[in-house]
Structures are given as structure tokens and as C-alpha cells.
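> Provided below for reference: sequence and predicted model.
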Amino acid sequence: MNDVSAQPRRTFSVELFPPQTAEGAEKLRAVRRQLAELGPEYFSVTFGAGGSTRDRTLETVLEVRAEGQRAAPHLSCIGATEQTIMHLLDEYRAHGIRDIVALRGDLPSGMATHGNFRYASDLVEFIRARTGDWFHIEVAAYPEFHPQAASAQADLAAFKRKVDAGADAAITQYFYNADAYFRFIDDCDALGITIPIVPGIMPISSFSRLARFSDTCGAEIPRWMRKKLEGFGDDADSIRAFGLDVVTALCERLLAGGAPGLHFYTLNQAGLTCELWQRLGLPRGDQTAGA
């Protein structure tokens, strides 16, 4: 059986994406104020395909930092050069940021080359070589396996390369099958991978949006869930209530099984994450230590 229960500390964090407009930026500030009341360990901020939101990611990260919160910017390999990555690392270090989420990222339509880094493991190795232990580096993990992976074994091998390159922890793609997560942890144990692997949690507010995301990233919506959600049609209240029940039960099982925390994909909305946090009785702020 996996040994995630041996992890001494649990972390609870939230993810944001950079706004595209001034109005979106103002709305996101209000969302951050609500989420900050929960006392998450950190706010991660995504990095658009091919670095398309690089400047907005930096702006959002610096705002989060200025608000007194811990920020974990995403860095993507796609389209990146050593110079652009080093510039961002220097900028983050200058502002005292110690956390990075290092990803391969998605190749945007029309982009022919990956840049200087083909895989996330290359990016992790570069960050370690250039900055030593300054950054706590998180990487992605896929309990249901990456949709472009040649096989489950190949995907596990790719994950191990990221760990061997210097990753400190991992955040998973979202999933709704807890058994997939626990099996993944067992497989990692068998390979000698011992870093914390935090489940990524996607609240459910819209079935059409969830189905679109899941088709893109390879996350499975179990058939029983899909049928129930389809049956609600345009009844947003029923979808929301059902989603809260399903995701609460999933989180409870993950935590009871020893998961080292939870990472919420908020989609720049506070309501569902706040409700789940309350339902689960998650600690706030410095209460997370030793939780």
C-alpha cells in the first residue's frame, strides 16, 4: 500500500490564471481577497500556451506577492529560450519568490518548435543548475496518464525523470476516480519516488465546460457522473449541488487515504472552492502546519 500517510505536513493551495482585461484584473483581485481568507499555502498562477500570458503571469504573481501572499508562478517549456527563462527566474528571485511550477506546457496551434526545452525534466534540470536550491519546484503528475503518453509505463518514466532532475513535489491533473490516484502513488512508490504528490481538485460548476476541459486534458469523467450531469440539462443549481457533493466526497476519501494536501483549480472563481474548504473543515493559514 502507498505511504502517502507518512507525509508529515499537508498543504492546501489554489490556482489562478492571469486576467486578459483590466476588468478581469479587478474581478480577480476581489476573488483573491475571498480566497486569501481561507489562508491557502500559496496561489499558483498559470502560464499560457507557448508563454502567451508571460507578462500577465508576472504581473499577477507580483500583485499576489504585494498582497502578502505566497505566489508560485508557472513556467512552461514551450517556446521558451534559456534567456527568457533565466530572465523570469531572476525577476522572481529579486522579489523573494521561492516557488515555481515547472511544466512542459501545450504547443499552440501554428507553433512548430518547442524552444530550448523539450520536456519539463529539462526545465527542472536547468532551474536547478542555474539557481541551486532557491526554488521549491513543483511539477505535474497524471494519475490517469498524460493523453499523449505512449503507455502508462512511459508516462511514469517521464514523471520519474522530472523527480530525478530535482522536483520537490508534484500536483496532479484533476480526476474524479480516487482509485486512480492511489494506484498512481503505489506505482510511484515502486519506482522509489517519494516526493509529495498533491491531488488537483476541479470544482464542478458547468457540465459543458468540464466536458470540454476533460476531453482536452484526458481527465476521465466517470460514466455515472457524466449521465447524472447530462440529466440536469441547464439546471445550474442542481449541477452545482451535485458537483459539491461529489467533489467533497472525493476530497474526503483522498485525505482519509493520506493525500499530502489538495490543490484547487479555481478557474478564477471563489465560491465553490470556499464552499468545499468549509465543508471539508480545512485548516486556515498557519494552521496547515502539522495538519
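Cool, got the structure. Numbers count the residues shown, from 1 in each chain.
> for E138, name its beta-bridge partners.
On the basis of DSSP bridges, E138 is bridged to V101, A169.
> residues in contact with it?
Neighbour list for E138: S44, A72, D99, I100, V101, A102, A167, D168, A169, A170, I171 [criterion: CB atoms under 8 Å, 6 or more residues apart in numbering]. For the C-beta atoms, the positions are set from N, CA and C on the backbone; glycine is no exception.
> how about the contacts made by the closest residue to the second one other than its chain neighbours?
Counting by CB to CB, 6 or more residues apart in numbering, D99 is the residue found nearest to A72 once chain neighbours are left out, at 3.7 Å. Neighbour list for D99: Y42, S44, R70, A71, A72, P73, F135, H136, E138 [criterion: CB under 8 Å, 6+ apart].
> swap in G200?
I171, T172, Q173, Y174, F175, H263, Y265.
> all helices for the stretch 151-291 of the chain, in order.
Ranges of helices in the stretch 151-291 of the chain, per DSSP state H, counting those that start in this stretch, are 152-165, 178-190, 207-217, 223-231, 236-256, 271-280.
> which of those sits closest to Q83?
helix 152-165 (20.2 Å; CB to CB).
> check which helices and strands the closest one sits against.
Applying 3 or more CB pairs under 8 Å, 6 or more residues apart in numbering; DSSP states H and E, we find helix 152-165 packed against helix 120-131, strand 136-141, strand 169-174, helix 178-190.
> make JSON lines out of the helices of the stretch 151-291 of the chain and add mean pLDDT and distance to A120.
JSON lines is the format used below for the helices of the stretch 151-291 of the chain (pLDDT from 0 to 100; distance: least, CB to CB, whole Å):
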{"stretch": "helix 152-165", "mean pLDDT": "95", "distance to A120": "5"}
{"stretch": "helix 178-190", "mean pLDDT": "97", "distance to A120": "16"}
{"stretch": "helix 207-217", "mean pLDDT": "92", "distance to A120": "15"}
{"stretch": "helix 223-231", "mean pLDDT": "96", "distance to A120": "29"}
{"stretch": "helix 236-256", "mean pLDDT": "98", "distance to A120": "24"}
{"stretch": "helix 271-280", "mean pLDDT": "98", "distance to A120": "26"}
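> that concludes my questions; thank you for your assistance.
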